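Colleague: compute the structure for the input listed below.
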Amino acid sequence: MYSQLNDPEKRYDFMLVFDVRDGNPNGDPDAGNLPRVDVETMQGLVTDVALKRKIRNYVQITRGDQKGFDIYVKHRGILSREQQKSYEALGYENEEKPSANTVKDARNWMCSNYYDVRMFGAVMSGKQYNAGQVRGPLQLTFARSIDPITPFDMTITRVALTNANDAQKDASDDEAEARHGQMGRKAYVPYGLYVAYGYYTPALAAQTGVQKEDLEVFWESLVNMWDLDHSAARGIMATRGLYVFKHESKFGNAPSHMLFDKIQINKKDEVETARAVTDYKLYIEEAEMEGVTLHEVVAMKERQLIY
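Modeller: All right, here's what the predicted structure looks like:
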């Protein structure tokens with residue numbers, strides 16, 4: 001399925017379309033965990049960090065037991081411990097002040113063994129177990145909703161209490177009951193259709209050692225990562241479109257912004273408030289692009305070609 005998009009020496013620009021229904025795609029801790037928004041336009045936002053986290057989780061779950069597909073930035077992980085593994089594997093763990101060659105060897109080891117270092121890059125130049133810095137060949141933008149969203153904050157209750165001290169004061173621990181329960185809040189978006197953009201640069205991939213399988217796993221993760229990330233907080237999320245521009249030249253045959261402009265998504269005229277992906281229509285300009293091929297890995301159902 002992804003065999004036409006696995007050449008590490010080709011440049012790729014891509015557009016990811018996904019939606020959320022009755023869930024919080026990316027909470028903002030500075031705003032009580034409400035869904036992130038552009039405060040001027042009220043369009044919803046999902047950070048590149050959040051998207052990369054889902055990709056990392058997918059790779060770790062599906063390929064984590066395979067050589068070269070470990071994840072450096074693990075959930076609740078300690079980065080220096082991961083860097084220490086490179087020093088131990090190379091026999092450098094007793095060096096008090098690592099030389100430039102040691103740092104270079106450690107950097108190459110990290111690229112070979114950690115998928116996210118190889119693809120996204122990493123800063124690993126701490127005082128302990130210095131493994132240098134890696135500029136990753138694959139980068140993602142924030143995702144932004146097509147239309148403004150309305151973040152809601154709903155009151156929820158639970159009938160069980162955590163501690164007996166929270167129950168009535170005149171009862172013993174064994175007899176205490178949660179008579180009134182506790183109140184909480186749950187943030188969500190009724191519906192939002194989001195678009196993120198990404199770029200793969202082969203010149204940087206040559207420095208990190210990206211292989212064909214790395215690209216295949218990446219496209220696979222963009223399509224399937226939501227299915228391994230279900231939670232009550234996130235509602236229903238799914239990839240609704242994945243459009244990849246493949247360049248014949250490793251330096252690119254057209255500017256990425258001109259390619260992205262060829263794909264537009266608009267809410268249908270008869271729809272007042274969107275609540276499903278079918279409330280939108282995607283338009284693709286079919287003008288000839290010399291040296292660039294568009295691959296519709298996942299295509300929106302409501303689409304129209306413009307000649």
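Colleague: kindly export stretch 149-156 (C-alpha atoms) in PDB.
Modeller: Output of stretch 149-156 as PDB, limited to C-alpha atoms (Å, rounded to 0.1, in the frame of the first residue of the first chain):
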ATOM      1  CA  ILE A 149     -14.900  25.400  17.000                       C
ATOM      2  CA  THR A 150     -16.900  25.800  20.200                       C
ATOM      3  CA  PRO A 151     -15.100  24.300  23.200                       C
ATOM      4  CA  PHE A 152     -17.500  23.100  25.900                       C
ATOM      5  CA  ASP A 153     -16.800  22.300  29.500                       C
ATOM      6  CA  MET A 154     -19.400  19.900  30.900                       C
ATOM      7  CA  THR A 155     -20.100  19.100  34.600                       C
ATOM      8  CA  ILE A 156     -19.800  15.500  35.500                       C
END
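Colleague: what's the neighbour count on the closest residue to V37 other than its chain neighbours?
Modeller: Spatially, and ignoring its direct neighbours in sequence, V37 is nearest to G44 (5.7 Å; Cβ to Cβ, 6 or more residues apart in numbering). Using the backbone N, CA and C atoms, a C-beta is placed for each residue, glycine as well. Residues lying near G44 (other Cβ atoms under 10 Å) number 25.
Colleague: quick check, G44 in a strand?
Modeller: Yes: with DSSP: H, G, I helix; E, B strand; the rest coil as the criterion, G44 is located in a strand.
Colleague: so it sits against I146, correct?
Modeller: No: under the criterion of Cβ atoms under 8 Å, G44 is not in contact with I146, lying 9.2 Å apart.
Colleague: what is in contact with those two at once?
Modeller: Y194 (Cβ atoms under 8 Å, 6 or more residues apart in numbering).
Colleague: ok, back up a step: give the contact list for the residue nearest to V37.
Modeller: By Cβ under 8 Å, 6+ apart, the contact set of G44 is 25, 35-38, 144-145, 148-149, 151, 189, 192, 194.
Colleague: of the residues you listed, buried ones?
Modeller: Buried subset of the contacts of G44 (neighbour count, 16 or more other Cβ atoms under 10 Å): P25, P35, R36, V37, R144, S145, I149, P151, V189, G192, Y194.
Colleague: gap between N24 and N266?
Modeller: 25 Å (Cβ to Cβ, to the nearest Å).
Colleague: these two: which has the busier surroundings?
Modeller: N24 (24 against 12).
Colleague: give me phi/psi at the more buried one?
Modeller: phi -110, psi 100 (degrees, to the nearest 10).
Colleague: same thing with E288?
Modeller: phi -60, psi 130.
Colleague: with Q83 instead?
Modeller: phi -70, psi -30.
Colleague: how about L305?
Modeller: Note on L305: backbone dihedrals following degrees, to the nearest 10 are phi -90, psi 140.
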